[in-house]
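Colleague: here is my input; please provide its structure:
(2 chains)
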Protein chains: 2
Amino acid sequence: MKKTVLIFLIEQYADWEASYVAAELQAPHSEYQVKTVTLDGQPVTSIGGFKILPDHSLREAKSIDFHMLIMPGGNTWRQPETVPVRELVAHCFTQDIPVAAICDATVFLGRHGFLEDVKHTSNTLENLKEGAPNYQNEDNYNHVQSIWDGKVITANGTAPLEFAREILKLLKVREDEKIDRWFRFFKEGMVDNLTTN
Amino acid sequence: MKKTVLIFLIEQYADWEASYVAAELQAPHSEYQVKTVTLDGQPVTSIGGFKILPDHSLREAKSIDFHMLIMPGGNTWRQPETVPVRELVAHCFTQDIPVAAICDATVFLGRHGFLEDVKHTSNTLENLKEGAPNYQNEDNYNHVQSIWDGKVITANGTAPLEFAREILKLLKVREDEKIDRWFRFFKEGMVDNLTTN
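Modeller: Numbers count the residues shown, from 1 in each chain, chains lettered A, B, ... in the order given. Predicted structure coming up:
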């Protein structure tokens, strides 16, 4: 029985942000499986026009035994309808389940107080402050592609590979060197890797 | 009325390979819209576990007015069930509709004779020859991340951004410099771009 990782998909979620990590989590050598979640268990459509039939609703997700919550960005994390997702994040925080957020999902975390005790990043500090008026942990903002602190991973929206690398390491999906090699292969591109390695 | 670009999704398609381009094609400034297609119009599941409800079946696709066919890779391009997709590719070739294939979808093109008259690439030449026994255009194989020749774009599976760049340029979704800037932003990462530009 594989361990479950939940990926929360909002309406207009960003196609590229969890695409690498989802595929790696489902690889044959992985002990994890991906399950997708939407607010009401109904389909959502990505920015790129892909309509997804999810595995679970938010309500169901809270009663599932899962090992990580991944939150890709998207265009509706600042809308009132996504606010209930904070209950699932709060559940993760109290149960010590890792949470990984990228792009505007990091703003969602900031908005609801989940970035106050960890080192983190976002698209930009200015953008985070604008979207999360009560956020006060500027001292722990890092200008990096992705950062992992304790049980929280954050990344900017151009960092799907860095985000994936941190998640794969936190979950120990493979040995660290293999994850680093996988990262370089995709980051640099196959052609460069085949000619220089 | 936006112009339609079809993305053909097979069972176990690769999540990351058309994710960037789909999002860019659907951007507000684009005159295109993305429609997804599966063999029978029924849902397929990506390598990463995302179940997609497509817009069209293969049969419907042939009667639609569309401006490009994009074929992400995946694990079933060498299976008998995907062979019928060659009719849609042939339709594009006779109608002068551009075709863009990445990763194992390039092997599908080679397998069915669609790479004989164009410069192209694939994951590796060896892999292409193995998967496409009748392929004979080795002289026009290019060891690059992605290549555009006439109406055909091909790329290896680590090149979703290069693949997207060629597609966006072919379709003139924006001015070339803007597409190049978009490419660098994602390829290098936001942090490097904000600090060096």
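Colleague: look through chain A and tell me its longest helix.
Modeller: helix A:176-188 (DSSP state H).
Colleague: residues contacting A:Ile47?
Modeller: A:12-15, A:74-75, B:22-23, B:26 (Cβ atoms under 8 Å, 6 or more residues apart in numbering or on different chains). Heads up, the C-betas are built off the backbone N, CA and C, glycines and all.
Colleague: let's see 10 Å
Modeller: A:11-17, A:73-75, B:19, B:22-27, B:34 (Cβ atoms under 10 Å, 6 or more residues apart in numbering or on different chains).
Colleague: all helices of chain A, in order?
Modeller: Counting by DSSP H, the helices of chain A are A:19-25, A:58-61, A:85-95, A:104-111, A:125-131, A:160-170, A:176-188, A:190-196.
Colleague: I'd say A:Glu17 and A:Ile70 touch.
Modeller: Yes - using Cβ atoms under 10 Å, A:Glu17 makes contact with A:Ile70 at a distance of 9.1 Å.
Colleague: need the overlap of contacts for these two.
Modeller: A:7, A:101-102, A:105, A:163-164.
Colleague: with pLDDT, neighbour count and distance to B:Lys187 added, can I get those in a markdown table?
Modeller: Shown next, in a markdown table, are the shared contacts of A:Glu17 and A:Ile70 (pLDDT from 0 to 100; neighbours: other Cβ atoms under 10 Å in any protein chain shown; distance: Cβ to Cβ, whole Å):
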| residue | pLDDT | neighbour count | distance to B:Lys187 |
| --- | --- | --- | --- |
| A:Ile7 | 99 | 26 | 24 |
| A:Ala101 | 99 | 29 | 23 |
| A:Ile102 | 98 | 32 | 17 |
| A:Ala105 | 98 | 30 | 22 |
| A:Phe163 | 98 | 29 | 16 |
| A:Ala164 | 98 | 31 | 16 |
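Colleague: need the max-distance pair from those residues.
Modeller: A:Ala105 and A:Ala164 (14.5 Å; Cβ to Cβ).
Colleague: which residues touch A:Leu171?
Modeller: Contacts of A:Leu171 by Cβ under 10 Å, 6+ apart are A:3, A:5, A:21, A:24-25, A:30-32, A:67-68, A:98, A:100, A:179.
Colleague: with those in mind, which one is nearest to B:Thr82?
Modeller: Closest approach between the contacts of A:Leu171 and B:Thr82, by Cβ to Cβ: A:Glu24, at 23.6 Å.
Colleague: would you confirm that that closest one contacts A:Phe163?
Modeller: No - counting by Cβ under 10 Å, A:Glu24 does not reach A:Phe163; the two are 11.3 Å apart.
Colleague: beta partners for A:Val5?
Modeller: A:Val34, A:Met68 (DSSP bridges).
Colleague: tabulate the contacts of A:Leu171 (TSV), appending neighbour count and pLDDT.
Modeller: TSV is the format used below for the contacts of A:Leu171 (neighbours: other Cβ atoms under 10 Å in any protein chain shown; pLDDT from 0 to 100):
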residue	neighbour count	pLDDT
A:Lys3	14	98
A:Val5	27	98
A:Val21	30	98
A:Glu24	26	98
A:Leu25	28	98
A:Ser30	18	97
A:Glu31	12	98
A:Tyr32	20	98
A:His67	16	98
A:Met68	23	98
A:Pro98	19	98
A:Ala100	28	99
A:Ile179	20	98
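Colleague: coming back round to it: of the shared contacts of A:Glu17 and A:Ile70, which are in range of chain B?
Modeller: Under the cut-off given by Cβ under 10 Å from any Cβ of the partner chain, chain B has A:7, A:164 from the shared contacts of A:Glu17 and A:Ile70 close to it.
Colleague: only the buried subset of the contacts of A:Ile47, as a ChimeraX command please.
Modeller: Buried residues among the contacts of A:Ile47 (16 or more other Cβ atoms under 10 Å in any protein chain shown), as a ChimeraX selection:
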select /A:11,12,13,14,15,16,17,73,74 /B:19,22,23,24,25,26,34
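Colleague: show residues contacting stretch A:57-65.
Modeller: Against stretch A:57-65 from outside (Cβ under 10 Å, 6+ apart): A:1, A:3-4, A:6, A:8, A:35-42, A:54-56, A:69, A:82, A:84-85, A:87-88, A:90-92, A:97.
Colleague: which ones, among the residues you listed, also lie beside chain B?
Modeller: A:35-36, A:54-55.
Colleague: strands - which of those land there?
Modeller: A:35-36 (DSSP state E).
Colleague: between the ones next to chain B among the contacts of stretch A:57-65, which is closest to B:Thr154?
Modeller: Closest approach between those and B:Thr154, by Cβ to Cβ: A:Thr36, at 30.2 Å.
Colleague: please tell me I have it right and that closest one contacts A:Leu9.
Modeller: Yes - if you go by Cβ under 10 Å, A:Thr36 and A:Leu9 touch, sitting 5.6 Å apart.
Colleague: shared neighbours, these two?
Modeller: A:18, A:44, A:52, A:54, A:70, B:50.
Colleague: contacting residues around A:Ala27?
Modeller: Contacts of A:Ala27 by Cβ under 10 Å, 6+ apart are A:168, A:173-174, A:182, B:47-48.
Colleague: could you list the buried residues of stretch A:45-63?
Modeller: A:46-50, A:52-56, A:58, A:61.
Colleague: endpoints of that stretch, how far apart?
Modeller: 25 Å (Cα to Cα, to the nearest Å).
Colleague: starting at the chain centroid, how far to that stretch?
Modeller: Its chain's average C-alpha position is 14 Å from that of stretch A:45-63, according to Cα atoms, centre = their mean, to the nearest Å.
Colleague: if anything else comes up later, I'll come back, but that's it for now.
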